[in-house]
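Q: Quick one, what's the 3D model for this:
(2 chains)
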Amino acid sequence: AQTVTQSQPEMSVQEAETVTLSCTYDTSESNYYLFWYKQPPSRQMILVIRQEAYKQQNATENRFSVNFQKAAKSFSLKISDSQLGDTAMYFCAFINFGNEKLTFGTGTRLTIIP
Amino acid sequence: DGGITQSPKYLFRKEGQNVTLSCEQNLNHDAMYWYRQDPGQGLRLIYYSQIVNDFQKGDIAEGYSVSREKKESFPLTVTSAQKNPTAFYLCASSIRSGRWAEQFFGPGTRLTVL
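A: You can find the predicted model right below:
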């Protein structure tokens, strides 16, 4: 069975600093996708960034980037120049290629301090 | 605007009553999903449907039922058999393809059993 582990239940950083959220996963498949979703206080789930396992290059979306280490089964999210609007729960998620079942981690509650 | 709508936003139910949560999407997505979110836990899959008139149980289907009579609609019924139904419920949809595995989420329904 696939599992996703987020070992940091809560984190807080000062505004404008850089923060890294950790995620590890377990799968026996070689083709899969990894995602980071953000859930702000409104509770709307928003896709932050996506990584295809067959791509060696790390995905980047503006201030958000990932460090994808396939051999280590690690998928961390780096938020640069953090902003107050980044305060949210962040969920790491995994899905096998061709499968519709997402597996979520338990989330990291990130607070940006003014 | 394309998107996913869920109604109602808040729902109160007396013990022993069935209640139905609505989920509608106009994204022309084939696949739809229902998740349950509890404090301190990630999202857990209740049911999913890849095509009209077909659906599969997820990880926590007991006490829930669904239907998929139309592509756009995937209502979830929480039955009296669900022993602890108070939770936040999220509906999602995706294109039924292994390549584009991203799931889009609705705003959620908060169900409280009185």
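
Q: quick one: contacts for the residue nearest in space to the middle of chain A?
A: With distances taken as Cα atoms, centre = their mean, the residue of chain A nearest its centroid is A:Trp36 (3.3 Å). A:Trp36 is in contact with A:21, A:23, A:47-49, A:64, A:66, A:75, A:77, A:90-93, counting by Cβ atoms under 8 Å, 6 or more residues apart in numbering or on different chains. Bear in mind the C-beta positions are built from the backbone N, C-alpha and C, glycine included.

Q: Against chain B, how distant is A:Ser76?
A: 17 Å (Cβ to the nearest Cβ, to the nearest Å).

Q: What of A:Ala88?
A: As judged by Cβ to the nearest Cβ, A:Ala88 and chain B stand 14 Å apart.

Q: What is the neighbour count of the residue nearest to that residue when sequence neighbours are not counted?
A: Take A:Ala88 and drop its neighbours on the chain: the residue closest to it by Cβ to Cβ, 6 or more residues apart in numbering or on different chains is A:Pro40, 4.3 Å away. Using other Cβ atoms under 10 Å in any protein chain shown, A:Pro40 has 13 neighbouring residues.

Q: Next up, the contacts around A:Pro40.
A: Taking Cβ under 8 Å, 6+ apart, we find A:Pro40 in contact with A:Ile46, A:Gly85, A:Thr87, A:Ala88, A:Met89.

Q: Just list the residues touching the fourth one, thanks.
A: To tie it back to what came earlier, the one meant is A:Ala88. A:Lys38, A:Gln39, A:Pro40, A:Pro41, A:Arg109, A:Leu110 are the contacts of A:Ala88 under Cβ under 8 Å, 6+ apart.

Q: Leaving out sequence neighbours, find the closest residue to the residue nearest the centre of chain B.
A: With distances taken as Cα atoms, centre = their mean, B:Trp34 lies nearest the centre of chain B, 2.7 Å away. Leaving aside its chain neighbours, B:Trp34 sits nearest to B:Ile46 (4.3 Å; criterion: Cβ to Cβ, 6+ apart).

Q: gap between that neighbour and B:Ser80?
A: Going from B:Ile46 to B:Ser80 by Cβ to Cβ, to the nearest Å gives 16 Å.

Q: In the sheet, which residues pair with residue 66? Tell me.
A: Since no chain was named, I'll use chain A. For A:Val66, the beta-bridge partners are A:Leu77 (DSSP bridges).

Q: To clarify, I was referring to chain B.
A: Bridge pairing for B:Val66 - DSSP bridges - gives B:Leu76.

Q: What of A:Val19?
A: A:Ile79.

Q: What distance do you get for it to chain B?
A: According to Cβ to the nearest Cβ, A:Val19 stands 20 Å off from chain B.

Q: just checking, that residue touches A:Val13?
A: Yes - between A:Val19 and A:Val13 there is a contact under Cβ atoms under 8 Å: 4.4 Å.

Q: The two: which has the busier surroundings?
A: Of the pair A:Val19 and A:Val13, A:Val19 is the one with more neighbours under other Cβ under 10 Å, namely 19 against 16.

Q: what about chain A, any weak spots by pLDDT?
A: A:1, A:100 (pLDDT under 70).

Q: Settle it for me: which of B:Ile46 and B:Ser80 has more neighbours?
A: Using other Cβ under 10 Å, the more surrounded residue of B:Ile46 and B:Ser80 is B:Ile46, with 26 against 14.

Q: any idea which helix or strand carries that one?
A: Using DSSP states H and E, B:Ile46 sits within strand B:43-51.

Q: circling back: quick one: which of the contacts of A:Pro40 sit in strands?
A: Members of the contacts of A:Pro40 lying in strands (criterion: DSSP state E): A:Ile46, A:Ala88, A:Met89.
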